[in-house]
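Visitor: sequence and computational prediction follow.
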Amino acid sequence: MKGLNVLTIGLCLLTGITSCKQSAQQQQIQASVYPVLKLAPEDRTLSQSYSAVIEGKQYVEIRPQVSGIITDVLVKEGANVRKGETLFIIDTIPYAAAYKQAAAAVASAQAQEATAKLNLKGSEELYKQKVISDFELQTAKNSYNTAVANLANAKAQETSAANNLSFTKVTSPVNGSAGMTSIRVGTLVSAQSTSLINVSDNSQMYVYFSLPEKEVLTLTAEYGSLEKTIEAYPDVTLLLNDGSVYSHPGKIDVISGIVDKTTGTVSLRAVFNNPEGRLMSGGSCRINIPYERKGCLVIPQEATYEIQDKIFVYKVVDGKATSTQISVFKVNDGKEYIVEEGLKEGDVIVAEGAGLLREGTPIAAAPDSTKEGE
């Protein structure tokens, strides 16, 4: 009986050890179950934002072309103005007088020219009759030519005086929105040196921003040239300073062919319609640049881990986790990576928990976890 008890105890211990081993194996198998992903080509559109400034399509600083005292201010600050609309009037009296004087000079020169013409015609007849000499005939011709020149000069002076008189009415050269002005009735303004007001054509707005040289080279490599990039590039969007997305998409219309030596960037311009007037000249915003990728391999970021700024995933090879370094597209949405090198279509990777794995860990796909890119 005593031997039987010892045998029974031994069997119990052996059974307990076996059960413990089986339990440990089950835990190990359970720890090696991970969701996996089979890679297939997909299409993605990502975007990256850049600081930008807004300017009116036409931004004109209006200065007077003649000097004088402002006698009338017709523009309302902030109002929409039309091309040719009178904004200010400069005292017209001195310029009207100068025009009348120039017109009188033209009349006098015309009379002198007519008299010289008659004298020349008479001299030519007398010369034919050999009454006067060559010298006298040439003198008559010179007098006539002088009279013609004086008339032309008088007419030029009249045109200049007429222009100066017209310049006393300061008009808007473009359709647009008037800015603020400090000019009031009685203000003395100087030609070209006094700024009267700014007018901005805000029907369309230009948005200026810069891209690193490397990104522009990537775009031109993708599309072929700067011109083809502009033609093929998709619409861009704006994020305004109030956090809202501008409702009208824009189009890049200019890419500079010059790299700024100081910043290493290339300037670009996009044009946006502004029917509601939400965009204001001089404002700042962020412009969102889309990147379309066709037939790319997309993986979740939680399927990766990093070592010294290098990105790795675990491929499942012969049922085991195999660490693989990858390179990814520079733009991402914070949830996925677009893989450029290191993986190929049909590869199977561990989709979650890569940071908990070790090289060579046996991998069993979690039930209903195998996914394929769409």
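Guide: Perfect, thanks for sending it. Numbers count the residues shown, from 1 in each chain.

Visitor: pull the residues that contact stretch 74-92.
Guide: With contact meaning C-beta atoms under 8 Å, 6 or more residues apart in numbering, stretch 74-92 is reached by 62, 64, 66-73, 165, 167-181, 183, 189, 196-197, 199. For glycine as for every other residue, the C-beta is placed from the backbone atoms N, C-alpha and C.

Visitor: now the strands for the stretch 1-150 of the chain?
Guide: Taking DSSP state E, counting those that start in this stretch as the test, the strands found in the stretch 1-150 of the chain are 33-34, 36-38, 42-62, 68-73, 80-81, 86-90.

Visitor: tell me the mean pLDDT for the second one?
Guide: The predicted model gives strand 36-38 an average pLDDT of 92.

Visitor: just stretch 110-119 next, same as before
Guide: Stretch 110-119 comes out at a mean pLDDT of 96.

Visitor: what residues sit buried inside it?
Guide: Buried residues in stretch 110-119, counted by 16 or more other C-beta atoms under 10 Å: 112-113, 116, 119.

Visitor: do stretch 158-165 as well
Guide: 158, 161, 164-165.

Visitor: do stretch 180-190 as well
Guide: Quick answer for stretch 180-190 (16+ other C-beta under 10 Å): 181, 183, 187, 189.

Visitor: same check on stretch 272-289?
Guide: Counting neighbours by 16+ other C-beta under 10 Å, stretch 272-289 gives 272, 274, 278-279, 281, 283, 285-289 as buried.

Visitor: tell me how far the residue nearest to Val348 when sequence neighbours are not counted lies from Glu306.
Guide: Nearest non-adjacent residue to Val348, counting by C-beta to C-beta, 6 or more residues apart in numbering: Val316, 4.5 Å away. From Val316 across to Glu306, the span is 20 Å (C-beta to C-beta, to the nearest Å).

Visitor: settle it for me: which of those two has more neighbours?
Guide: Comparing Val316 with Glu306 by other C-beta atoms under 10 Å, the one with more neighbours is Val316, at 20 against 9.

Visitor: can you tell me the element the nearest residue to Val106 once chain neighbours are set aside falls in?
Guide: The shortest distance from Val106 to any non-neighbouring residue, by C-beta to C-beta, 6+ apart, is to Ala154 (4.4 Å). Using DSSP states H and E, Ala154 sits in helix 134-167.

Visitor: report the mean confidence score over the helix or strand following that helix.
Guide: Remark: after helix 134-167, the chain's next helix or strand is strand 169-171, criterion DSSP H and E. For strand 169-171, mean pLDDT rounds to 97.
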